[in-house]
Every structure is written in C-alpha cells, then in structure tokens.
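>>> Sequence first, then the predicted structure:
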Amino acid sequence: MIAFSGLFAGSAIATEPDQNTTSLEKETASLHFGLEKIKLPGNERMGMINTSYLIQIAPELYFGPSVYGSVSGKRGGFYTIGGELTWRHPLVSKLTFDTGMYVGGGGGGTSLVGGGLMLRPHADLMWDFGGYRAGISASQVRFPNGHINSNQIGLMVDFDTDFLHTSASAGDHNWPSTIRTGVGFDRAMAVFGRYQPRSNSQFISGAPLQQSIGYVGTRMERFLTPGVFVGLEANGAGSGGVAGYAEYLATAGAEMPIFSDNFKVGTRFDLGMGGGGAVSVGGGIMLKAGVYASANLSKNFHINVEGGMVDSPNGNFRATYGSVALQWDLDHPFSQSSSSTVIANEWIGGTQHYFSAARKDGSKRDMDNVTLQLNRYLTDTIYLTGQAHSAYSGNAGGYSVGLVGLGYHSPKTSSGLYTGTEILAGAAGGGGVDTNSGFLIQPSVYLGIQINKNLSAQLNAGRVKSLKGNLNSTLLGLGLCYSFGTVERH
C-alpha cells in the first residue's frame with residue numbers, strides 16, 4: 001500500500017540551472033515493520049504484518065502512512081490502510097518508549113470488521129542497536145462497528161532513515177550525485193496483467209477457480225547497484241469475477257543489458273500478502289517469480305513485458321501470469337552527470353464519502369473511505385496521481401480501491417486559493433459493494449487553500465462509477481496536502 005500510494009509524485013520546472021546547490025531539508029524518518037497475532041471470535045487466530053513510513057513532525061512525535069495485512073490463519077485478503085501517530089521518548093541508555101494510535105480502514109477475508117474502521121492503540125519498548133531499533137509492542141486491535149477486539153504482544157523493528165527534500169519550486173540545480181531524496185525510489189511502473197489459474201485453484205467455497213483474472217497495479221523499485229534492485233508491488237483484480245482480490249508484495253531482482261543499454265532482461269522474486277474476492281489463499285502469504293524484458297521508449301520511459309508464476313503456499317491459488325508495464329524512471333542514481341531537476345510532489349491524506357453506494361444485495365447506502373494519494377507533476381500544472389482508498393464506515397468493511405490518472409492544478413491566487421480536476425481509473429471491490437468485475441472510473445473537481453509553505457487543504461467532489469457493476473455514486477471528499485520537492489538526476 002505504501003508502494004501503491006507512492007506510484008507517482010511531482011512537477012518538473014524548467015529554469016536556468018542555479019550554480020549554488022539549493023539547500024536540502026531533512027526530516028528524521030523510520031521504516032517500521034511489525035508482526036503480531038490477533039484473536040478473532042471463536043478462538044480463531046490471525047497473524048498480521050505491519051509496514052509504516054513515519055516522519056518526525058515535532059520533537060519526539062512521528063506521523064505517516066501505515067498498512068496492516070493478514071499473513072497466517074485463514075483470513076487471507078484481510079488488510080487495512082491508514083495513518084499512524086507515535087510519540088517516541090528515550091528512557092535509559094538505548095531504551096525508548098513508544099506509544100501512539102493507528103487509525104485506518106479496510107477488512108476483507110472476513111465479515112467481522114463491520115464498516116471497516118480499525119483502531120490500534122499501542123505501547124512499545126524498543127532498543128536502539130545503531131541504525132535500527134527492535135523490541136516488543138503491547139497493543140489492542142479493535143473494529144468499533146465490527147466484532148474484533150483483541151489484546152496482544154507483538155515484535156517490532158524500525159530502520160532509521162532521513163526524508164530529504166527541497167522546495168517544490170526550486171527548479172534545476174547542480175546536485176551531488178550520491179544523494180537520494182523523497183522516499184528513495186528510482187523507478188515506477190503502471191502494470192496491466194492477467195493470471196491464468198492452474199487446474200487445482202479454488203474459491204474459498206471449494207468451487208474450482210478456472211476463469212482468467214485481469215489485474216492492474218503498480219511497482220516501485222530502488223537500485224542497490226546498477227543491476228540489482230528491491231521494491232514494492234501492489235495489484236488489484238479488474239476482471240474475472242473476483243472483485244476485491246488484491247496483493248501487496250516486496251520484490252527483489254536483477255537485470256542486465258543485452259547488446260545495448262536500450263534493451264534489458266531480468267528476473268525478480270516477490271514475497272508478500274494477498275487475497276480477497278473469495279479466492280482461496282489460506283492465511284494470505286503469496287510467492288511470485290518471473291522473468292522480463294524491457295525496451296527504451298525514451299530516456300525516462302520504457303516498456304516492460306513479464307511472465308511467471310504466482311502461488312499461495314497455504315491456500316489453493318496457483319497461476320501463471322503475463323503482464324505489460326509502462327516504466328518511468330524517477331531518478332538516475334548512478335549517473336555521472338552534474339545536472340538535475342527538482343520535481344514537485346504532493347502527499348494527500350483524507351476521507352471520501354460515497355452517497356447511496358449500490359450494494360450486491362440490491363440496497364443503496366452511504367459509506368466513507370480513508371484515502372491516500374501521491375502526485376508527481378509533469379509540468380507546472382499537470383500531474384500524474386496514484387491513489388488507494390479503503391472503507392471505514394457504512395457497513396462496507398473490506399471495500400478497497402486502487403486508482404491512477406491525470407490531474408490539473410491551477411496556479412494559486414494571491415489569497416492562496418486554487419482549483420483542480422482529476423480523471424482516474426482503476427480497480428475496486430469487496431465489502432459487498434456492487435463493482436462486478438472491479439474496473440471503475442472516477443472524475444472529480446476540487447478547491448484548495450494554502451495553509452503554509454508546505455500544507456494546504458482540499459475539498460473535492462465528483463462521481464465514482466463501476467463499468468460493469470451498479471456502483472454509480474456522487475462523492476465528496478476532504479484532504480490535507482503536503483507539498484515537497486525531490487531531485488531527479490539526469
């Protein structure tokens with residue numbers, strides 16, 4: 001999810017190079033992982049993994065996006081997205097005390113989540129090993145309008161990092177070639193693929209799963225060396241009768257040029273979580289392996305064709321797959337060039353209300369989603385956007401959406417007001433919402449006001465429509481936008 005909402009980010013502003021390198025702003029940050037087992041009704045247990053990216057926003061106070069998902073038990077496809085606020089206080093020596101609250105929305109794999117709102121207050125003891133911290137967490141996982149209320153002890157590890165950024169309107173600069181900015185991804189991909197289930201694949205009901213499954217998704221990758229990379233992948237079903245199926249995976253791979261740098265071949269392996277859409281994936285652990293070839297369309301854009309296998313070791317879903325991806329280079333970390341471009345980016349978190357959302361039982365009810373969004377500008381006013389939404393009220397727990405699209409952001413007035421519009425498309429499902437195959441479109445307009453140098457507030461309105469299902473609702477949303485600049489080395 002952190003990967004999905006990070007598909008795109010910012011604005012390339014063409015000005016004359018500044019001979020004085022613009023100053024970087026540095027925020028202390030941490031990449032957080034957690035593992036715990038929660039108790040469900042009927043004495044059932046479910047293992048959950050957590051990934052968060054937390055940035056220090058005040059002394060001892062951290063905030064950022066966070067994702068939870070099932071990795072053991074029999075509720076594969078359970079996941080939530082939201083935000084985490086944590087207070088971190090040193091105790092003695094290298095021991096710290098962390099306490100805070102996660103608030104998010106989601107579900108899937110279970111009807112126990114009600115509207116989907118998840119709360120997780122916690123208290124942690126962490127030891128600083130230098131560069132990373134590890135320890136234990138006492139927490140409560142609660143769905144206030146559902147049937148989950150669990151207390152447990154979990155394991156945590158945090159990796160220290162810095163969130164480096166600069167002014168979103170800094171223009172071109174001669175930049176030190178070793179510095180990565182933002183969250184540090186070097187390339188992004190918009191992926192369109194299809195799974196062909198093997199003969200032994202099943203639905204949770206035990207019925208055979210035979211139809212092919214179309215999916216759309218994103219990948220974000222970072223190079224460790226010029227030929228070795230790691231990253232994150234997120235996909236959601238758009239056809240095949242399994243609306244609501246989604247997967248979130250960590251990936252690692254290697255590639256090499258063939259004949260020239262314009263054509264490359266590679267292989268990669270994924271490990272993560274997936275499920276939903278009534279697909280039998282057991283507790284949710286997913287494995288994926290593939291080989292691919294990529295060809296240059298231009299310096300920063302490439303076409304990628306891939307084939308491979310996906311498997312749920314504890315479930316009954318195994319498939320071959322093929323995919324085509326449009327790859328976009330966000331940075332060139334091993335470039336020897338001294339030139340660079342500052343790219344404007346926006347992170348937006350908020351809430352969105354659907355009016356009279358159509359359900360599979362024929363009823364229509366209002367519902368609310370938590371939203372995470374990342375924008376990357378192509379010009380001063382045009383941007384690409386990647387978004388993830390997940391229900392937290394309206395008895396639609398488990399409904400989630402992944403969207404990509406284009407947006408327009410008008411110049412700001414002297415009072416800080418601006419307007420904009422977006423046209424989005426993607427996949428959605430779950431929570432009993434009638435999206436049929438899963439594909440939907442979402443046009444919208446918005447009004448914003450600048451609060452300070454980096455923050456603004458936005459009110460948006462639009463329409464969400466399933467292409468084959470009965471979902472066709474007016475929407476109204478509210479978001480808080482954080483603007484920042486990242487550096488693309490040439």
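Received the coordinates, thanks. Residues are numbered from 1 along each chain as shown.
>>> Enumerate the positions of stretch 103-122 that are buried.
Judged by neighbour count (16 or more other CB atoms under 10 Å), stretch 103-122 contains these buried residues: 103-110, 112-118, 120, 122. Just so you know, the C-beta spots here come from the backbone N, C-alpha and C atoms, and that holds for glycine as well.
>>> ok, now stretch 85-98?
Neighbour-count burial for stretch 85-98 flags L85, T86, R88, T96, D98 (criterion: 16+ other CB under 10 Å).
>>> what about stretch 109-127, average pLDDT?
Averaged across stretch 109-127, the pLDDT comes to 91.
>>> Can you get me the start-to-end distance on it?
35 Å (CA to CA, to the nearest Å).
>>> Could you do stretch 230-243 as well?
Termini of stretch 230-243 sit 29 Å apart (CA to CA).
>>> And the buried residues of stretch 85-98, which two are furthest apart?
Looking at the buried residues of stretch 85-98 by CB to CB, the two members farthest from one another are L85 and T96, with 16.2 Å of separation.
>>> Turn the buried residues of stretch 85-98 into TSV, including distance to R268, secondary structure and pLDDT.
Written out in TSV, the entries for those read as follows (distance: CB to CB, whole Å; DSSP: H, G, I helix; E, B strand; the rest coil; pLDDT from 0 to 100):
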residue	distance to R268	secondary structure	pLDDT
L85	34	strand	97
T86	32	strand	98
R88	35	strand	97
T96	36	strand	98
D98	34	strand	98
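>>> Quick one: low-confidence residue ranges for the protein.
Filtered on pLDDT under 70, the chain yields the residue ranges 1-22, 110-111, 168-177.
>>> which strand of it spans the most residues?
When every strand of the chain is counted residue by residue (DSSP state E), the longest turns out to be strand 339-358.
>>> how far is that strand from where the chain is centred?
Its chain's average C-alpha position is 12 Å from that of strand 339-358, according to CA atoms, centre = their mean, to the nearest Å.
>>> Counting by contacts, list what it packs against.
Helices and strands in packing contact with strand 339-358 are listed as strand 172-174, strand 364-377, strand 382-393, strand 455-466, strand 472-489; criterion 3 or more CB pairs under 8 Å, 6 or more residues apart in numbering; DSSP states H and E.
>>> Using a markdown table, lay out those together with mean neighbour count and distance to I348.
Putting the helices and strands packed on strand 339-358 into a markdown table (neighbours: other CB atoms under 10 Å; distance: least, CB to CB, whole Å) gives the following:
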| stretch | mean neighbour count | distance to I348 |
| --- | --- | --- |
| strand 172-174 | 18 | 26 |
| strand 364-377 | 23 | 4 |
| strand 382-393 | 25 | 8 |
| strand 455-466 | 18 | 7 |
| strand 472-489 | 19 | 5 |
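>>> and of those strands, who's closest to R268?
strand 382-393 (20.3 Å).
>>> Adjacent strands (with direction) for that closest one?
Strand pairing for strand 382-393, using DSSP bridges, gives strand 364-377 (antiparallel), strand 400-409 (antiparallel).
>>> May I ask you to confirm that M286 is in contact with V279?
No. Applying CB atoms under 8 Å, one finds M286 not in contact with V279, separated by 10.6 Å.
>>> out of those two, which sits in the busier spot?
Regarding M286 and V279, a neighbour count based on other CB atoms under 10 Å identifies V279 as having more, with 29 against 24.
>>> Do a quick rundown of the helices in the protein.
Counting by DSSP state H, the chain has these helices, from start to end: 2-5.
>>> Break it into its domains for me.
Listed domain ranges for the chain are 25-164, 186-329, 339-489 (source: automatic domain parsing).
>>> Quick one: end-to-end length of the second one, please.
For domain 186-329, the first-to-last residue distance is 6 Å (CA to CA).
>>> again with the shortest one
Using CA to CA, the end-to-end distance of domain 25-164 comes out at 6 Å.
>>> Could you dump the strands paired with strand 382-393 into JSON lines and include distance to V342?
As requested, the strands paired with strand 382-393 are exported to JSON lines (distance: least, CB to CB, whole Å):
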{"stretch": "strand 364-377", "distance to V342": "11"}
{"stretch": "strand 400-409", "distance to V342": "17"}
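>>> which one is N300 nearest to, not counting chain neighbours?
Using CB to CB, 6 or more residues apart in numbering and skipping residues adjacent in sequence, the residue nearest N300 is D329, 4.4 Å away.
>>> From what I see, the one you found and M189 are in contact.
No. Look at D329 against M189 with CB under 8 Å: they stay out of range, at 10.3 Å.
>>> more crowded one of these two?
The residue with more neighbours, out of D329 and M189, is M189; 22 against 16, by other CB under 10 Å.
>>> tell me the contacts of that one?
T218, R219, M220, E221, N304, A325, L326, Q327, W328 (CB atoms under 8 Å, 6 or more residues apart in numbering).
>>> Pipe the residues you listed into CSV and attach distance to F263 and neighbour count per row.
Converted to CSV, the contacts of M189 look like this (distance: CB to CB, whole Å; neighbours: other CB atoms under 10 Å):
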residue, distance to F263, neighbour count
T218, 23, 24
R219, 19, 27
M220, 23, 27
E221, 18, 21
N304, 11, 19
A325, 15, 21
L326, 16, 14
Q327, 13, 21
W328, 18, 16
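>>> mind listing what R198 touches?
When contacts are counted by CB under 8 Å, 6+ apart, R198 touches R318, A319, T320.
>>> go again using 10 Å as the cut-off
The contact partners of R198, taken as CB atoms under 10 Å, 6 or more residues apart in numbering, are L209, Q210, M309, V310, D311, N316, F317, R318, A319, T320.
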